[in-house]
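# sequence? don't have it. structure:
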Ligand SMILES: C[S@@+](CC[C@H](N)C(=O)[O-])C[C@H]1O[C@@H](n2cnc3c(N)ncnc32)[C@H](O)[C@@H]1O
């Protein structure tokens, strides 16, 4: 059912973006081989209860902090034990009456709401208690940790792909990743969720985890082959990334005189003439979509370009203009690169950059080539780089 009772602000704060029925069905197909007798199924952020299907399990539990949602869920189902409560406080099996010996499956689409991200910052607040060992800047990460606290045997939930592929997020999931192994991952665009369709799409994974005392290391995520509906699969380690070639973030100043410091570090400090070049801080591909590349002035968000790496900054600038060639699931990745191929097509890249930023011309050794020739060179490069993923 489409979420219908909350206004914009509450929807953001509770992360109430309900799941389309086709995705719920796909989740149940993933779970089916693991269903056994004495199984308990819980969705601890169940909304209207759409994930709570009866597929032969012994006990079905739905929980939500939202009173109205639980009221509607109760009307939709009579065989489910419902709890109107905060699923992140005093978490234990006993809280939900789950037998200690029961095989426990968690299903659902827990809220993700990063309190520190700038998007919709002004209205964000979390006003419920969270157990100390679950507390985190992102509610979704707290929910994943709560499944470990419940000692779930199988977890089949939706969450942003960034939880797995961004090393800083992966570290936040330490207690979870120490006890679970990813066994299946289907990538879904946030555009599949009607309320999210207005923003740049980001990748969501419908993930199936099995409890495993070996846990999983970040490297296993890098080599994991994620499924994409009706297409080839996607694996991080199939590509090389720009992080190995440029500085992504500004260097930290040891003194307050940052401007002077960074130009000295970069070897570009000329007191008589400021010849420095600046580039906007690099995060992931979706951030590159929103941000600029070369900028004129220095700020806390700019990198002072090490001119020995200028070709690679030109590369990123051109890459940004070619993002329409990439599908949604690259949104949280770094800029991709094939360095050998880039060297072959470099003149096309430099020409394109100089065309868009004429002030850069005198910084490059390579003679620019004809616009048309550059365009076909770039077309060839990106088709070869993205391969089957090229849109
Ligand atoms: C993304 S919606 C998912 C709803 C439903 N499972 C679905 O997929 O259609 C997230 C739900 O989490 C609930 N929620 C948010 N914080 C919660 C908390 N601390 N405890 C329990 N439920 C919470 C919201 O009220 C919302 O219904």
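Everything's here; your move. Fair warning: this is a prediction, and the values are worked out from it, not measured in the lab. Numbering: from 1, shown residues only.
# contacts, neighbours, all on C-alpha from now
Fine.
# ok, the residue in the stretch 201-350 of the chain that the ligand sits nearest to - how many residues close by?
Per CA to the nearest ligand atom, the residue of the stretch 201-350 of the chain with the smallest distance to the ligand is residue 206, at 11.4 Å. The burial count assigned to residue 206 is 25, neighbours taken as other CA atoms under 10 Å.
# helix/strand/coil for it?
Using DSSP: H, G, I helix; E, B strand; the rest coil, the structure places residue 206 in strand.
# need the contact list for the nearest residue to it once chain neighbours are set aside.
Residue nearest to residue 206 in three dimensions, not counting chain neighbours: residue 158, with 4.4 Å by CA to CA, 6 or more residues apart in numbering. Contacts for residue 158 were tallied using CA atoms under 8 Å, 6 or more residues apart in numbering; they are 108-110, 204-207.
# for residue 72, see how far away residue 158 is.
22 Å (CA to CA, to the nearest Å).
# for the closest residue to residue 196 other than its chain neighbours, what are phi and psi?
Excluding the flanking residues, the one nearest residue 196 by CA to CA, 6+ apart is residue 190, at 6.1 Å. Taking degrees, to the nearest 10, you get phi -60, psi -20 for the backbone angles of residue 190.
# what's around residue 190, how many residues?
21.
# near the ligand, which residues of the stretch 1-150 of the chain are found?
Contact residues (CA under 6 Å from any ligand atom) of the stretch 1-150 of the chain with the ligand: 14-19, 44-47, 50, 64-66, 85-88, 108-111.
# and the residue in the stretch 151-300 of the chain that the ligand sits nearest to, what element?
Sorted by distance to the ligand under CA to the nearest ligand atom, the residues of the stretch 151-300 of the chain start with residue 158, at 8.4 Å. Residue 158 is part of strand 154-160, with elements assigned from DSSP states H and E.
# partners of that strand, with directions?
Using DSSP bridges, the strands paired with strand 154-160 are strand 103-108 (parallel), strand 203-211 (antiparallel).
# could you point out which element follows the helix or strand hosting residue 24?
Here residue 24 is covered by helix 21-31, with elements defined by DSSP H and E. Downstream of helix 21-31, the first helix or strand assigned by DSSP H and E is strand 39-43.
# buried sites along that next one?
Within strand 39-43, the residues that qualify as buried are 39-43, counting by 16 or more other CA atoms under 10 Å.
# in the stretch 51-200 of the chain, which spans are strands?
59-64, 81-84, 103-108, 154-160, 180-189 (DSSP state E, counting those that start in this stretch).
# between those strands, which one is closest to residue 211.
Residue 211 sits nearest to strand 180-189 of all those, at 4.4 Å, using CA to CA.
# the residue nearest to residue 196 contacts residue 206, correct?
No - the criterion here is CA atoms under 8 Å, and residue 190 misses it with residue 206 at 11.4 Å.
# got the contact list for stretch 227-240?
Applying CA under 8 Å, 6+ apart, the contact partners of stretch 227-240 are 184-188, 221-226, 336-338, 388-389.
# if we go to 6 Å?
Stretch 227-240 has contacts (CA atoms under 6 Å, 6 or more residues apart in numbering) with 186-187, 222-226, 336-337.
# quick one, which of those residues are buried?
Judged by 16+ other CA under 10 Å, buried ones among the contacts of stretch 227-240: 186-187, 224-226, 336-337.
# let me have these in JSON lines, adding distance to residue 23 and pLDDT as columns.
Formatted as JSON lines, these follow (distance: CA to CA, whole Å; pLDDT from 0 to 100):
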{"residue": "186", "distance to residue 23": "10", "pLDDT": "97"}
{"residue": "187", "distance to residue 23": "11", "pLDDT": "97"}
{"residue": "224", "distance to residue 23": "21", "pLDDT": "98"}
{"residue": "225", "distance to residue 23": "19", "pLDDT": "97"}
{"residue": "226", "distance to residue 23": "16", "pLDDT": "97"}
{"residue": "336", "distance to residue 23": "29", "pLDDT": "97"}
{"residue": "337", "distance to residue 23": "33", "pLDDT": "97"}
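# fine by me, we can end here.
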